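**Student:** Sharing a sequence plus its predicted fold:
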Amino acid sequence: MPAKSFLLLKIFIKTAVSSWLFSPIMIHSLFLINNVGDLFLEKHWKSVISRTVCDYFFEAREKAVEPENVPPVIHTPHHYLINIYREKIFFVSVTQTEVPPLFVIEFLHQVAETFQDYFGECSETTINDNVVIVYELLEEMLDNGFPLTTESNILKELIRPPTTLRSMVNTITGIGNIGQTLPTGQLSSIPWRRAGVKYTNNEAYFDVVEEIDAILDKSGSTVFAEIQGGIDACVKLSGMPDLTLSFMNPRLLDDVSFHPCVRYKRWESERVLSFIPPDGNFQLMSYHVSAQNLVAIPVYVKQNISFFETGPSGRLDITVGPKQTMGKTVECVVVTIHMPKVVLSANLNATQGTYNYDPVTKVLMWDIGKLNPQKLPNLKGSLSLQSGAPKPEENPNLNVDLKIQQLAISGLKVNQLDMYGEKYKPFKGVKYVTKAGKFQVRM
Amino acid sequence: MPYFGSEETVKELKRALSNPNVQADRLRYKNYITRVIRYMTQGLDVSSLFMDMVKASATVDIVQKKLVYLYMCTYASDKPDLALLAINTLRKDCADPNPMVRGLALRNMCNFRMPGITEYIEQPIVAGLRDKASYVRRVAVMGCAKMHSLQPNIEIDASIVNELYALLRDPDPVVVVNCLRALEEILKDEGGVVINKPIAHHLLNRMKDLDSWGQSEVLTFLLRYRPRSDDELFDILSLLDAFLQSAHAHVAVATLRLFLHLATAHPAVQADALQHTSGALLTMCGSISRELRFAGLCHVQQVMRSQPGLFAPHYKRFFCAYSEPSYIKFRKMEILVELVNDENVTLVLEELRSYCTDVSPELAQAAIAAIGRIARTYSEKCLDILTGLLALKQEHITSAVIQTFRDLVWFCPQSTAAVCQTVEACVDCPQDSEAKQALLWLLGEHGEQISSAPYVLEVYIDGLKTELSSSVKMELLTAAVKMFLCRPAETQDMLGRLLHHCIEEESDMCVRDRALLYHRLLQQGVEQTRKVVMGPKSDPSMSVLTGHQQEPVSQWVSNFNTLGPLSAPDLCIQTPLISSPEQPSNNAEEELLPVSKDVSPSIPKDDQEELNLYLGPPLSHESFERTWLDLEVLHRETLSYTRPRTTPDTLQAALQLVKIQTLAFTPGDTLPWKAYLYTRGNRTLILAELLQEDPDSEGRLVVSVKQQPPNQHALRGFVSILSSVLQTLNVDS
């Protein structure tokens, strides 16, 4: 005992000195689990970790009832499980040491986005159909648990995405879907763009996409509203073009973040976006408009739901109409209501569009389509409730989905786009679209 | 085995792979290999195909190569002798003119986990470090770390370390970051990679070339660097400034952490940085990804500990949306409680009230508890809401409201009269035991203000036979005794019945003991009983806490941007549930702390309990060490005597008598003399260190105590027990 205790004291002193140690970020393994709890893919970048570690995840999954409710970080005695839930798939990563959580979460999203980018959608079926490419990607994205290549443009040169045409060519020639040469972008001075890009049609398109997040109360007044906006770019220009994009009203944007290619100093001093673009699709910037008075609410909803004290029934009456649309048409309007558990069925009449009530999930969905200001769509009728059950305590909330083409609801407008550094004349285009994000009306 | 008949499948694959016709048809051959891989990833054991797969590695098709490598990496440790056959092909590929083939081969070779592989990979790795293609260099640098992890006990190769340090100046940014990662792993035992001034500044200047992952990691490595002067510090900060606005949340937060860490001596700079990043944090809280939103909220919560006002104008951002998962809603409510001020209180309360009727009972209860917390400052408005909720007559709501009342009365005595009135008017008997306990506590503590109290109590006493929960019975005993002390005439009879029943008929030992205790106490006389039973009616020390306190940034910055704040609140941040990978598993660790699963935010009676020390599950040296290093010293005291001159065994035995475990001490008469002790009591773990530095004439014994979670009462008790033991031992010797 005495010998051991002395040794221990020595250890104490040593550890006290080096307690400032940080372990570098390391993702040991990744498990993909679908929403019914089947583990369908695993990948280990260091030693193999038994899949029994997922039992802790399944335990948390069970406790959460709904798949969305699984907490993102789960502790187990020897590992941390950090997971994201996307497109009905859990991406569960395993780390053995303390890591910055945001790093891992964002990385997992990057993995999901890469799958989406490669296969068109990120689902269990597509992942299983393309299992070989999935492994190639995972192998290339992380080495020894550290992120290696994640930029989608460069990945696509290392591993070609599957296309119907290519798979046909492959079948005939037997040539694989792998780049035989190393991406040139890896040595270019601008890491996001490869050298020597050539196009016959030089084009640059920008989509201004805005989503309104809003909560409206019963009377229609705004409890909370903000706009999440982003500019998605598709740039196919030869050589090393240097672009400058300016806005009519840049002061509108309070809170912006940019793709690394944007020169931040120019934005701060002149409020213009100056950048050498990556090749292909990328998000140029994202922004936020939260000043309440600037956020226009495009539709209003007049709704009335009541459950009768006597008899197992209730009434529902909803009307949707345009509000501040700046003269544009509101399209693709869908109203979703999560009904209380006691609602068994709905017998309704829609003046426009179709409705559908799913008695299992208790979701009433009314697909309206285009809003016609002359003839407002209305949904009216009765609800039948489980007999004997108490009348629901709380009225359900209503979610609205919509789309407005050719309008950025914040009023943001692109002024002009100039190109320097190359001689040719590119095709340019800007599109605007407004969608509903989390747009909720309380009843 | 996930599949029935899997043996058949493996046999069939084996037949196919060894069939010369299949081997001749490249496409069919590859299809079978793909199938092997698919089975492998589904957890089927296909290791018996190893020989056939090794044969398939000799091909010009890179995709087929990749697949076979993947297979071999998985099973190499099971079949090392066979894997050696593949090594030659791989080594040949390491000299291929195509850099991609070179990189691939090298990477996979390093991934083989089998004994004796090092001698084959060392030479290709060293060659790879000098390769002209950066892709190969990236792989080779990582290979150094992998090679080291294959044989961790072998002396570190100084030439490789030097080469890696030199490669920190590589033109390729990923090579630079990989060097840091590799050095960190190789030099783990020596404190990791050294960040000196030239390296730090070199890294800072390369920051903008790195990809976001690299930036995040470099920022973490830079936490180790301490600038020499203020000038240097501000140079560094201005270089970092742009990254606070990064589009990637993880970079922005990592930068903020470094900022706060570097500017420890400049609180104004820290405040400025927080202000600057608040926009980025808010954006995170509105992100499309649920997980990012959650992480954002957790970070906002931490920042609010120092700057409670920072997010108050944005309170609407923290209103819950219907479709959000509950873990986000819980955090949002916690934040709403924190940022309430005179302007927004009405709207926040209205919002919280609408959550109280949520379909999920947990959420509803959390919302009610949140209103209760706000009631400590704005009692009138909140009491109206809580009273209104009682009218809904929903079981879980009523239960939560009563519990909230109990906590409120304890923390905020001025609301007592209103609460008592409400309780009298609207409460009928709740059903769940938590609520029953809360109601009984209220009745006992404030019985004189609730005129119907004895009658409510009587209902419970009459229903005693059907009561199942022993904690309710204990609470009932306490309440009845307290009630007897203030309203003896109405209570005497029922108290008698209660005590009789609990002593004669009760089978639960705890309840019977409690009843006997009260019985004996009452025999001592009413005045004596009053002295013992009636404590303060509220916690006076808590009134200070109700206002917004501003903690210094240093309180939380050490676990900013770590997993700690994201874990569930009841598994406190301090509990390191993870053991580092090289440690053997230790079941006792999970029981490091008797974690109380109680949902109610605080158990008011905690402080009145008398201290009962107990040893509990033994603490391993490692977990003691870890806990000790994680905690702050809560109490330090110089005792008036020196260390006992007894033999170590006597000391150990004496301490064990009072349930204090000795973990380690310096043997013999060596100075400085140290001893490490631990014990448990009143839901806390107490760790202590005894230290004597100088020879006996001068030096006094210094005792330093750490505790998890802190509990002043238990701490004082522990110190007094410990010092009395030591004193006794000193006198004896």
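**Tutor:** Yep, it's here.

**Student:** what's in contact with the worst-scoring helix or strand of chain B on mean pLDDT?
**Tutor:** One helix or strand of chain B scores below all others by mean pLDDT, DSSP states H and E: strand B:613-614, with a mean of 72. The contact list for strand B:613-614, computed with CB atoms under 8 Å, 6 or more residues apart in numbering or on different chains, reads B:Val658, B:Lys659, B:Ile660, B:Thr679, B:Arg680, B:Gly681, B:Gly717, B:Phe718, B:Ile721. (Glycine included, C-beta is placed from N, CA and C.)

**Student:** Tell me the neighbouring strands of it, and mark each as parallel or antiparallel.
**Tutor:** Strand B:613-614 has these partner strands in its sheet, going by DSSP bridges: strand B:673-681 (antiparallel).

**Student:** A strand includes B:Arg224, no?
**Tutor:** No. With DSSP: H, G, I helix; E, B strand; the rest coil as the criterion, B:Arg224 is assigned coil and is not in a strand.

**Student:** number of nearby residues for it?
**Tutor:** For B:Arg224, the neighbour count with other CB atoms under 10 Å in any protein chain shown is 17.

**Student:** what secondary structure does the closest residue to it other than its chain neighbours sit in?
**Tutor:** Nearest residue to B:Arg224, sequence neighbours excluded (CB to CB, 6 or more residues apart in numbering or on different chains): B:Ile195, at 4.8 Å. Look at B:Ile195: counting by three-state DSSP, its state is coil.

**Student:** so who does B:Ile195 touch?
**Tutor:** By CB under 8 Å, 6+ apart, B:Ile195 lies in contact with B:Leu203, B:Phe221, B:Leu222, B:Arg224, B:Tyr225.

**Student:** and residue 265, which of the three is it?
**Tutor:** By default, I'm working from chain A. helix.

**Student:** let's do chain B instead
**Tutor:** Here B:Ala265 takes the coil state, with states given by three-state DSSP.

**Student:** follow-up on the earlier one: switch the contacts of B:Ile195 over to CSV; also include pLDDT.
**Tutor:** Shown next, in CSV, are those (pLDDT from 0 to 100):
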residue, pLDDT
B:Leu203, 91
B:Phe221, 89
B:Leu222, 90
B:Arg224, 87
B:Tyr225, 88
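
**Student:** so who does A:Val53 touch?
**Tutor:** By CB under 8 Å, 6+ apart, A:Val53 lies in contact with A:Thr76, A:His79, A:Leu81, A:Val94.

**Student:** Make sure it is indeed in a helix.
**Tutor:** Yes. A:Val53: assigned to a helix according to three-state DSSP.

**Student:** Model confidence at it, what's the number?
**Tutor:** Turning to A:Val53, the model gives it a pLDDT of 89.

**Student:** Over to A:Thr184?
**Tutor:** pLDDT recorded at A:Thr184 is 44.

**Student:** Tell me if stretch B:180-192 is near chain A.
**Tutor:** Yes. Residues of stretch B:180-192 are located near chain A by CB under 8 Å from any CB of the partner chain, namely B:Leu180, B:Arg181, B:Glu184, B:Glu185, B:Lys188, B:Gly191, B:Gly192.

**Student:** if you skip the residues just before and after it, what's nearest to the fourth one?
**Tutor:** So the one you mean is B:Glu185. If you skip the residues right next to it in sequence, B:Glu185 has B:Ala145 as its closest partner in space, 4.3 Å away by CB to CB, 6+ apart.

**Student:** Now tabulate the contacts of strand B:613-614 in CSV and tack on neighbour count, distance to A:Thr222 and pLDDT.
**Tutor:** Listed next are the contacts of strand B:613-614 as CSV, based on neighbours: other CB atoms under 10 Å in any protein chain shown; distance: CB to CB, whole Å; pLDDT from 0 to 100:
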residue, neighbour count, distance to A:Thr222, pLDDT
B:Val658, 13, 65, 76
B:Lys659, 15, 62, 77
B:Ile660, 22, 62, 83
B:Thr679, 23, 58, 84
B:Arg680, 22, 54, 80
B:Gly681, 25, 54, 76
B:Gly717, 18, 56, 81
B:Phe718, 26, 56, 83
B:Ile721, 18, 62, 81
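
**Student:** Among the residues you listed, find me the one that's closest to A:Met248.
**Tutor:** For A:Met248, the closest of the contacts of strand B:613-614 turns out to be B:Arg680, at 67.6 Å, with distances computed as CB to CB.

**Student:** where does the stretch 151-300 of chain A have low pLDDT?
**Tutor:** Counting by pLDDT under 70, the stretch 151-300 of chain A has low-confidence residues at A:163-191, A:195, A:291-294.

**Student:** Residue ranges of each domain in the chain, please.
**Tutor:** In the absence of a named chain, chain A is used. As assigned by automatic domain parsing, chain A contains the domains A:29-181, A:203-295+A:409-441, A:299-405.

**Student:** could you do chain B instead?
**Tutor:** Taken from automatic domain parsing, chain B resolves into B:6-221, B:429-542, B:608-733.

**Student:** Can you tell me which helices and strands the strand or helix carrying B:Glu350 packs against?
**Tutor:** In the assignment (DSSP states H and E), B:Glu350 maps to helix B:345-355. If you count contacts as 3 or more CB pairs under 8 Å, 6 or more residues apart in numbering or on different chains; DSSP states H and E, helix B:345-355 packs onto helix B:326-338, helix B:361-375, helix B:379-390.

**Student:** Can you check which of the ones you listed gets nearest to chain A?
**Tutor:** Among the helices and strands packed on helix B:345-355, the nearest to chain A by CB to the nearest CB is helix B:326-338 (4.8 Å).

**Student:** Can I get the closest one in PDB, CA atoms only?
**Tutor:** C-alpha atoms of helix B:326-338 as PDB (Å, rounded to 0.1, in the frame of the first residue of the first chain):
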ATOM      1  CA  SER B 326     -39.600  18.600 -26.100                       C
ATOM      2  CA  TYR B 327     -35.900  18.900 -25.300                       C
ATOM      3  CA  ILE B 328     -35.900  22.200 -27.100                       C
ATOM      4  CA  LYS B 329     -39.000  23.400 -25.400                       C
ATOM      5  CA  PHE B 330     -37.600  22.600 -22.000                       C
ATOM      6  CA  ARG B 331     -34.500  24.700 -22.700                       C
ATOM      7  CA  LYS B 332     -36.500  27.600 -24.100                       C
ATOM      8  CA  MET B 333     -38.600  27.700 -21.000                       C
ATOM      9  CA  GLU B 334     -35.500  27.800 -18.800                       C
ATOM     10  CA  ILE B 335     -34.200  30.700 -20.900                       C
ATOM     11  CA  LEU B 336     -37.500  32.500 -20.700                       C
ATOM     12  CA  VAL B 337     -37.500  32.300 -16.900                       C
ATOM     13  CA  GLU B 338     -34.000  33.800 -16.900                       C
END
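
**Student:** how big is the angle separating it from helix B:361-375?
**Tutor:** Helix B:326-338 and helix B:361-375 are oriented at 10 degrees to each other (axes from the mean of the first three to the mean of the last three CA atoms, to 10 degrees).

**Student:** what residues does helix B:326-338 touch?
**Tutor:** Applying CB under 8 Å, 6+ apart, the external contacts of helix B:326-338 come out as A:69, A:71-72, B:290, B:293-294, B:297-298, B:300-301, B:304, B:308, B:311, B:315, B:318-320, B:324, B:348, B:351-352, B:355, B:360, B:362-363, B:366-367, B:370, B:373-374, B:548.

**Student:** same question for the helix of greatest length in chain A, mean pLDDT?
**Tutor:** In chain A, assigned by DSSP state H, the helix with the most residues is helix A:101-119. Helix A:101-119 carries an average pLDDT of 90.

**Student:** Alpha carbons only: can I get it in CSV?
**Tutor:** Extracted in CSV, the C-alpha atoms of helix A:101-119 (Å, rounded to 0.1, in the frame of the first residue of the first chain):
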residue,chain,number,x,y,z
PRO,A,101,-20.8,19.4,-29.9
LEU,A,102,-21.5,21.9,-32.7
PHE,A,103,-18.6,20.6,-34.7
VAL,A,104,-19.9,17.0,-34.7
ILE,A,105,-23.5,18.1,-35.3
GLU,A,106,-22.6,20.2,-38.2
PHE,A,107,-20.4,17.5,-39.6
LEU,A,108,-23.2,15.0,-39.5
HIS,A,109,-25.4,17.4,-41.3
GLN,A,110,-22.7,17.8,-43.9
VAL,A,111,-22.7,14.0,-44.3
ALA,A,112,-26.5,14.0,-44.8
GLU,A,113,-26.2,16.8,-47.3
THR,A,114,-23.6,15.1,-49.3
PHE,A,115,-25.8,12.0,-49.5
GLN,A,116,-28.7,14.2,-50.6
ASP,A,117,-26.4,15.8,-53.2
TYR,A,118,-25.2,12.5,-54.6
PHE,A,119,-28.4,10.5,-54.6
